[in-house]
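Asks: sequence and computational prediction follow.
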Amino acid sequence: MEYNLLSVTLNPSLDREFVIENFESGNLFRINNPSNSNMEPGGKGINVSLMTSDLGVTSINMGFLGGFIGNVIQTKMSNIKNITTNFIYCTEETRENIEIIDPVQNKISEINSMGPFIHDEDLKHFLKRYKSALNLVDHVLISGSIPPDIPISFYSELFSYAKKQGKTTYMEAVGPHFDEAIRENCPMIVRPDLRKSSRILGNNLETPEDYIKTGKEIIKAGARLVVMSYHVVGDIVVTEDGAWLFTATEDIDRSHLFGTGDAFMSGIVYYIINNGFDYLEAAKYGMAAAMSSTNYIAKILGTEEEIERSKTKFSIERIG
């Protein structure tokens, strides 16, 4: 195939990151060090493409862009190696997300916009391009939120086309569109985005037993690997062969935890593209990639050597 990955981010964002020590709302803060301010294209699928591009993964990125912010994202992504863009342009402004990272208090504050409304003709245009792009890849990642008014069945529809062509499919999201895709056209690799909600498929995730039960439901629906974040620095991994708890064994600066979920998915995608379908090993590589990414504030995994070294920084316990 011409590209490794088709990465779909229906609701991209321009991510602005500010490092502010002892941040408090209601006060004035000045950024005097340029390294404490960063602006990058964002959205979960785009993040995976950015993180894996340095490791040689070639990707096509699709979604909707609009307005000044959309132009900024397009310009920035056009200058990144191994990334090809194929966005549909809409009339409304692309959203902007703001993260304030406080390394002193080990806190992250986030402000996320909603995203543009998408007209029916733009949705039809996207679907036509998406079907064509499927012919160029073997792996399809669909991640993140959906813009307002897009049908909750749209994720499921996209996965249906990909699965009919035998593509390896990945999803990282949460919400009604996530649940619909699981029930109707479940992808092979699933990572619920549990930052805002711990309720998926009608289940509240509180105890390890809740996680295992829900993971097994997703496996029964057709997934081969399910990864769910657990207690900030851990993840519960479920495959057809059982369930495991991955736990970080080294202290992590919590201000560096932003984006580790996308780093985990990036590691999984990279492993499967290069090594095939040993799902537990793919999860281990994903966890190592997430651990490696905590050495950086920007969307960086580190080198393959750094990821390999990070395999010693977490424990694995079978729990089901």
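Replies: Great, that's in hand.

Asks: mind listing the strands for the stretch 51-200 of the chain?
Replies: With DSSP state E, counting those that start in this stretch as the criterion, the stretch 51-200 of the chain has strands at 59-66, 83-85, 88-90, 95-102, 107-112, 139-143, 168-173, 189-192, 199-200.

Asks: and for the stretch 201-320 of the chain?
Replies: According to DSSP E, counting those that start in this stretch, the strands that the stretch 201-320 of the chain contains are 203-204, 225-230, 234-239, 242-248, 314-318.

Asks: Pro116 is nearest to which of the ones you listed?
Replies: strand 225-230 (28.4 Å; C-beta to C-beta). Quick note: C-beta positions are derived from backbone N, CA and C, even for glycine.

Asks: and the closest one, how far from the chain's centre?
Replies: Here strand 225-230 shows a centroid-to-chain-centroid distance of 12 Å under the convention C-alpha atoms, centre = their mean, to the nearest Å.

Asks: for that strand, which strands pair with it and how are they oriented?
Replies: strand 189-192 (parallel), strand 234-239 (antiparallel) (DSSP bridges).

Asks: got JSON lines for these, with mean neighbour count and mean pLDDT too?
Replies: Listed next are the strands paired with strand 225-230 as JSON lines, based on neighbours: other C-beta atoms under 10 Å; pLDDT from 0 to 100:
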{"stretch": "strand 189-192", "mean neighbour count": "26", "mean pLDDT": "97"}
{"stretch": "strand 234-239", "mean neighbour count": "23", "mean pLDDT": "96"}
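
Asks: is it possible to get CSV of those strands that adds distance to Glu317?
Replies: CSV is the format used below for the strands paired with strand 225-230 (distance: least, C-beta to C-beta, whole Å):
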stretch, distance to Glu317
strand 189-192, 20
strand 234-239, 10
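
Asks: out of those, the one nearest Asn32 is which?
Replies: Of all the strands paired with strand 225-230, strand 234-239 sits nearest to Asn32, with 36.4 Å by C-beta to C-beta.

Asks: how far does that closest one sit from the chain's center?
Replies: That offset, for strand 234-239, works out to 16 Å (C-alpha atoms, centre = their mean).

Asks: low-confidence regions, the chain specifically.
Replies: 252-259 (pLDDT under 70).

Asks: please, where are all the helices along it?
Replies: Remark: helices assigned in the chain by DSSP state H are 44-53, 67-78, 120-133, 154-164, 176-185, 208-221, 260-275, 279-293, 304-309.

Asks: give me the angle between the second one and strand 95-102.
Replies: In terms of direction (axes from the mean of the first three to the mean of the last three C-alpha atoms, to 10 degrees), helix 67-78 departs from strand 95-102 by 70 degrees.

Asks: what lies in contact with helix 67-78?
Replies: 12, 14, 39-41, 46, 61, 65, 83, 85, 87, 89-90, 92-96, 116 (C-beta atoms under 8 Å, 6 or more residues apart in numbering).

Asks: now swap in the longest one and tell me
Replies: For helix 260-275, the external contacting residues (C-beta under 8 Å, 6+ apart) are 4-5, 44, 47-48, 51-52, 55, 57, 138-139, 141, 143, 168, 170, 172, 189, 191, 193, 195, 225, 227, 229, 235, 281-283, 285-290, 292-294, 299, 301, 307.

Asks: list the buried ones in that helix?
Replies: For helix 260-275, burial by neighbour count (16 or more other C-beta atoms under 10 Å) applies to 260-273.

Asks: hang on, the earlier thing: please indicate which of the contacts of helix 67-78 are buried?
Replies: Buried by 16+ other C-beta under 10 Å: 12, 14, 40-41, 46, 61, 65, 83, 85, 87, 90, 92-96, 116, out of those.

Asks: circling back to that earlier point, tell me which of the helices of the chain approaches Ile316 most closely.
Replies: Comparing those by their distance to Ile316 (C-beta to C-beta), the top pick is helix 279-293, with 7.3 Å.

Asks: and that closest one, what's buried?
Replies: Neighbour-count burial for helix 279-293 [16+ other C-beta under 10 Å]: 279, 282-293.

Asks: what do you get for stretch 22-33?
Replies: Buried-residue list, stretch 22-33, by 16+ other C-beta under 10 Å: Phe23.

Asks: which outside residues touch it?
Replies: Against stretch 22-33 from outside (C-beta under 8 Å, 6+ apart): 18, 20, 37, 100, 102, 104-105, 107, 109.

Asks: fine, thanks again, bye for now.
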